[in-house]
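[1] can you look at this prediction? I've put the sequence above it.
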Amino acid sequence: MFVLIVVLMSISLIGIIAVQLYWINNALESKKAQFKNDVQKSLGSVAERINEKEEEQIRLQVQDFIKTKSIADNAQIKNYLFQQIDTTNNRKITFGTTILEENFEIPLDFLDDEKIIFTRVTGKKDFSQTRFIKSADDILNSVDEKRYSFTGRMKVLEDGQISEISKSYKKHNPINQRVSNRELNATIKDELRKRDINLDFKYGVYTRDGLATPLKSGYYTIKPKGSYKRELFSDSEGNPEHILYITFPKQDNHILSGISSILLLSLFFIFIIIIAFSSSLYQLIKQKKISEIKTDFINNMTHEFKTPIATINLAIDSIKNPKIISDNEKVLRYINMIKDENKRMHTQVENVLRISKLEKNQLDISKETIDVHDIIEDAMNHVSLLMQDKNGVIKTHFEAITTEISGNEFHLTNVFVNILENGIKYTEGAPVLDVYTESTNKFFIVKIKDEGIGMSKTVQKHVFDKFYREQKGNIHDVKGHGLGLAYVKEIVEKHYGTVFVESEKGKGSIFTVKLPLI
């Protein structure tokens, strides 16, 4: 079930992140498409403006010449008349046009002083609508109802001539003589700014055959993937004569800045989701591990209590025996046995309660000035019987000059007792312990070295955790519940000190306790 939960959570996390990344990618692609569209529109406007400006210059040149000449070289008048009879509505519609065509021979510099004929067209348009009424005598009478007249220049016809002249102008003059770099650069910048594109750009104008022209910014080269292009001028058949290419060195920054807030928000939420998932997974693994440790603790506790309970029951049954109850010496021995076993169980319970109180900050730790050497010697006296039982020895190397600290005598004694007992329990054969002390300007340092079985790096990381005991299957060759060193760490930290272990498998361990001096 645990593995299934982890797999489902992982799939959900991957799915959420994938959806977020999908939307981020869509937003980027949409922004790129919008940017490309804006650039293309800007380049289209640039081409129109340059083309219109060129035609306007030719128009002004033609008009200036006509104004100067005033009288046309020759002229002709054309009349057109159209009539339509509407029998359904009894109407006659008349449309008449009078066109005055004035021809001017205009010399143009770009044609090597050759002349072209420009026709100025002026027209008058008349429109009338007449209704027919039949009388009783079948006499046809007419009544004019509407009449309109328009007089003016026919710009459409003149614009067509200007376009043709412009095409000749383009054909006989290279593009760099018609458009300057400064003008082209300013026009591009202006059109881009209209669409909120305030980026540095590089441009180049090429012929339709791919040849570069002098119109370019610096040493411009076409970049196939990062360039935008637009036809700049067309010939008489509508084919592009020149192509304008433009690139933006900081295009990606511009696109990202447009969605930076959404992008950062999405990444922030992805980060939160990952943190939440990691925390949840960590808590699940931690709870699973705690559950396993507590199960192991209960098994060990049961194993630890089994022997004393069995011993007490056996002693009680023995005392009930009529042959034994009359023997005061044996009764006293059994009673002492019951007392010792009871004390042993009481000690185990006290360890559990002590840790529980430490966790809830209910353990009263009153402090006073104490001599740590005295505390260590008291702790050695507590374990002296255990050392004698295993034919062990404790060697002291007291080199600390300053030995007084502010601490709790009872709890610090238990700290060193726990470390010493740990060294005894985890030594095969006769234990040999070395106790070193030294002092610095700020700390009193105690090192307790044993020659026991040692521990791996993994065990060292968890040795001060509650209920932790090195896994050895279902073998209970070493007494304890994994509470002693957890208690040591809590008490040392309550005294604003630190405790750590250095060990190597098969070569023993060194526990170091650092306590602040007064």
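    That came in fine, so what should we check first?
[2] okay, and the beta partners of I370?
    When assigned by DSSP bridges, I370 has beta-bridge partners I405.
[3] neighbours of it, how many?
    By other C-beta atoms under 10 Å, 18 other residues sit near I370. From N, CA and C alone the C-beta is placed, and that goes for glycine too.
[4] can you check K449 too?
    Per other C-beta under 10 Å, the neighbour tally for K449 reads 19.
[5] surely it touches I510?
    Yes - K449 is within contact range of I510, at 4.7 Å (criterion: C-beta atoms under 8 Å).
[6] residues touching V513, list them.
    Contact analysis of V513 by C-beta atoms under 8 Å, 6 or more residues apart in numbering lists 415-416, 419, 445-448, 492, 497-499.
[7] same check on D389?
    Counted by C-beta under 8 Å, 6+ apart, D389 has zero contacts.
[8] circling back to that earlier point, looking at the contacts of V513, which one is closest to I273?
    Checking the contacts of V513 against I273 with C-beta to C-beta, the nearest one is T498 at 36.2 Å.
[9] show me the contacts for the closest one.
    Contacts for T498 (C-beta under 8 Å, 6+ apart) come out as 492, 513-514.
[10] and it, what's its pLDDT?
    In the prediction, the pLDDT value recorded for T498 is 94.
[11] can you name the residues bridging to it?
    T498 has these beta-bridge partners by DSSP bridges: K514.
[12] and the residue nearest to R230 when sequence neighbours are not counted, how many residues sit next to it?
    In space, and not counting its chain neighbours, R230 is closest to L43: 3.6 Å by C-beta to C-beta, 6 or more residues apart in numbering. Number of residues near L43 (other C-beta under 10 Å) recorded here: 22.
[13] right, and the helix or strand after the helix or strand harbouring I298?
    Here I298, judged by DSSP states H and E, is contained in helix 260-320. Next helix or strand after helix 260-320 toward the C-terminus (DSSP H and E): helix 322-325.
[14] ok, and the most crowded of the contacts of V513?
    Highest count within these by other C-beta under 10 Å belongs to V415, 30 neighbours.
[15] ok, it to H382 distance?
    12 Å (C-beta to C-beta, to the nearest Å).
[16] same check on Q177?
    Going from Q177 to H382 by C-beta to C-beta gives 107 Å.
[17] looking at those two, which is more packed in?
    H382 (14 against 10).
[18] contacts only, for the more buried one.
    If you count contacts by C-beta under 8 Å, 6+ apart, H382 has them with 413, 417, 420.
[19] ok, and the closest non-adjacent residue to E231?
    That would be P240: by C-beta to C-beta, 6+ apart, it lies 3.6 Å from E231.
[20] what of S509?
    S503 is the one closest to S509 (C-beta to C-beta, 6+ apart), at 3.8 Å.
[21] what of K194?
    Nearest residue to K194 in three dimensions, chain neighbours excluded: S42, at 7.3 Å (C-beta to C-beta, 6+ apart).
[22] that neighbour is in what secondary structure piece?
    Per DSSP H and E: helix 2-69 holds S42.
[23] just checking, what packs against that helix?
    strand 91-107, strand 115-134, helix 155-172, helix 181-194, strand 227-234, strand 240-247, helix 251-258, helix 260-320 (3 or more C-beta pairs under 8 Å, 6 or more residues apart in numbering; DSSP states H and E).
[24] go again with 7 Å.
    Packing contacts for helix 2-69, counted by 3 or more C-beta pairs under 7 Å, 6 or more residues apart in numbering; DSSP states H and E, involve strand 91-107, helix 155-172, helix 181-194, strand 227-234, strand 240-247, helix 251-258, helix 260-320.
[25] tell me which of these sits nearest to A430.
    helix 260-320 (23.9 Å).
[26] about what we covered before: could you check how far the residue nearest to S509 is from K69?
    112 Å.
[27] which of those two has more neighbours?
    S503 (21 against 12).
[28] shared neighbours of V415 and H382, anything?
    Common neighbours of V415 and H382, using C-beta atoms under 7 Å, 6 or more residues apart in numbering, do not exist here.
[29] confidence-wise, which helix or strand of this protein is lowest on average?
    strand 140-153 (a mean of 66; mean pLDDT, DSSP states H and E).
[30] what's the neighbour count on K343?
    As a burial measure, K343 scores 11 neighbours (other C-beta under 10 Å).
[31] report all helices and strands that the helix or strand containing it contacts.
    Element membership for K343 (DSSP H and E) is helix 328-359. Applying 3+ C-beta pairs under 7 Å, 6+ apart, we find helix 328-359 packed against helix 260-320, helix 322-325, helix 484-494.
[32] next, the buried residues of the second one.
    So that's helix 322-325. I324 (16 or more other C-beta atoms under 10 Å).
[33] contacts for that helix next, please.
    Identification of contacts with helix 322-325 by C-beta under 7 Å, 6+ apart yields 318-319, 330-331.
[34] could you redo the last one with a cut-off of 8 Å?
    Here helix 322-325 makes contact (C-beta under 8 Å, 6+ apart) with 318-319, 330-331, 334.
[35] how about the helices and strands packed on helix 2-69 in a markdown table, adding distance to I394, mean neighbour count and mean pLDDT?
    As requested, the helices and strands packed on helix 2-69 are arranged in a markdown table below (distance: least, C-beta to C-beta, whole Å; neighbours: other C-beta atoms under 10 Å; pLDDT from 0 to 100):
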| stretch | distance to I394 | mean neighbour count | mean pLDDT |
| --- | --- | --- | --- |
| strand 91-107 | 122 | 15 | 80 |
| helix 155-172 | 107 | 15 | 71 |
| helix 181-194 | 86 | 16 | 90 |
| strand 227-234 | 84 | 18 | 82 |
| strand 240-247 | 82 | 19 | 86 |
| helix 251-258 | 69 | 15 | 75 |
| helix 260-320 | 26 | 13 | 78 |
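[36] mind putting the ones you listed into CSV with distance to T458?
    Compiled in CSV, the helices and strands packed on helix 2-69 are given as follows (distance: least, C-beta to C-beta, whole Å):
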stretch, distance to T458
strand 91-107, 99
helix 155-172, 83
helix 181-194, 63
strand 227-234, 59
strand 240-247, 57
helix 251-258, 45
helix 260-320, 13
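[37] so S45 is in contact with I188, correct?
    No - taking contacts as C-beta under 8 Å, S45 lies outside contact range of I188: 9.5 Å.
[38] now the phi/psi pair for A72, please.
    For A72, the backbone dihedrals are phi -70, psi 160 (criterion: degrees, to the nearest 10).
[39] return the distance of it relative to F118.
    Taking C-beta to C-beta, one finds A72 at 10 Å from F118.
[40] before we move on, what about K288?
    From K288 across to F118, the span is 95 Å (C-beta to C-beta).
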